[in-house]
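Engineer: Sequence and predicted structure below; questions after.
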Amino acid sequence: MSILAQFAVNGIVAGSVYALIALGFALIFTASRVFHFAHGGVYTLAAFAGYTALVTFKLGLVAGFLAAIIVAAIIGVLINILLYEPMKAGGVSPFVAMISSFGVLIIITHLTAMVWGSNPVVLSRGGQTTVYRLGSIYTTDAQLLIMSGLEYTGQIPFHTIYLHGLVRDEHGHKMSKTKGNVIDPLIVMDDLGTDALRFTLLVGSTPGNDTNVG
């Protein structure tokens, strides 16, 4: 039953993403009468601008959001002034404008890759367990919070802790960039396919157990 509920939640989240994409197309088409396929590239560029403000310049979360909004607005206005408005004035058909939006998408995508690279970047998701080693003793930040909470407040800070397994290589060692034993998922997907990789991780990742991939 819990698996069915999890799949239902995942379906709702994925459907909501597609609904937002469709809503974006509808709003832009209503305002400009153009199928603006480049808006995905605009959002990507705005996201990298927010990432740069937040991570590189350490300006804070609010500044990151503002940077993303400002960059998206500026790029959108420039595309409309330099591309779509001249096309409308020249009587260009909507189909040509749609093809032009694909060209803008390609340009923005390549410019973004040139500036920030083609590798994905992620923000810290938070809530991840850090393991501390004290000689032969291993402890986690969750355990330290529990002990300090009991010591100083007399209360347990949280009642439920999710313990997840590790991804290990064929020798049973933890995959780590430092050790250099990680597997590039993009290479695996090129060789075996995306569905095969997803199925392997899904079947082999029983909650609480480690997963050997190699």
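Structural biologist: Done, it's in.
Engineer: how does the chain divide into domains?
Structural biologist: 14-116, 133-163, 164-214 (automatic domain parsing).
Engineer: so which of these gets nearest Ile3?
Structural biologist: With C-beta to C-beta, the closest approach to Ile3 among the domains of the chain belongs to domain 164-214: 10.6 Å. Heads up, the C-betas are built off the backbone N, CA and C, glycines and all.
Engineer: State the mean pLDDT of the closest one.
Structural biologist: For domain 164-214, mean pLDDT is 76.
Engineer: do the same with stretch 66-83
Structural biologist: Mean predicted confidence for stretch 66-83 is 93.
Engineer: which one of the domains of the chain lies closest to Leu4?
Structural biologist: Comparing those by C-beta to C-beta, domain 164-214 comes nearest, at 14.7 Å.
Engineer: on contacts alone, who are the packing partners of the longest helix along the chain?
Structural biologist: Secondary structure of the chain per DSSP state H: the longest helix is helix 2-32. Packing contacts for helix 2-32, counted by 3 or more C-beta pairs under 8 Å, 6 or more residues apart in numbering; DSSP states H and E, involve helix 39-51.
Engineer: Which strands or helices does the helix it packs on pack on?
Structural biologist: Using 3+ C-beta pairs under 8 Å, 6+ apart: helix 39-51 touches helix 2-32, helix 61-79, helix 94-116.
Engineer: Average pLDDT for the first one, rounded please.
Structural biologist: Put plainly, it is helix 2-32. Helix 2-32 comes out at a mean pLDDT of 79.
Engineer: That one relative to helix 94-116, how many degrees between them?
Structural biologist: 120 degrees (axes from the mean of the first three to the mean of the last three C-alpha atoms, to 10 degrees).
Engineer: got it, and the shortest one?
Structural biologist: On the basis of the same axes, to 10 degrees, helix 61-79 is oriented at 140 degrees to helix 94-116.
Engineer: Convert helix 61-79 to PDB, retaining C-alpha atoms only.
Structural biologist: Backbone C-alpha positions of helix 61-79 (Å, rounded to 0.1, in the frame of the first residue of the first chain) are rendered in PDB as follows:
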ATOM      1  CA  LEU A  61      18.600  32.900  -1.200                       C
ATOM      2  CA  VAL A  62      16.500  36.100  -1.800                       C
ATOM      3  CA  ALA A  63      19.200  37.500  -4.000                       C
ATOM      4  CA  GLY A  64      19.400  34.200  -5.900                       C
ATOM      5  CA  PHE A  65      15.600  34.300  -6.600                       C
ATOM      6  CA  LEU A  66      15.800  38.000  -7.600                       C
ATOM      7  CA  ALA A  67      18.700  37.300  -9.900                       C
ATOM      8  CA  ALA A  68      16.800  34.500 -11.600                       C
ATOM      9  CA  ILE A  69      13.700  36.600 -12.000                       C
ATOM     10  CA  ILE A  70      15.600  39.600 -13.400                       C
ATOM     11  CA  VAL A  71      17.600  37.600 -15.900                       C
ATOM     12  CA  ALA A  72      14.500  35.800 -17.100                       C
ATOM     13  CA  ALA A  73      12.700  39.100 -17.600                       C
ATOM     14  CA  ILE A  74      15.600  40.700 -19.400                       C
ATOM     15  CA  ILE A  75      16.100  37.800 -21.800                       C
ATOM     16  CA  GLY A  76      12.400  37.500 -22.500                       C
ATOM     17  CA  VAL A  77      12.200  41.200 -23.300                       C
ATOM     18  CA  LEU A  78      15.200  41.100 -25.500                       C
ATOM     19  CA  ILE A  79      13.900  38.100 -27.500                       C
END
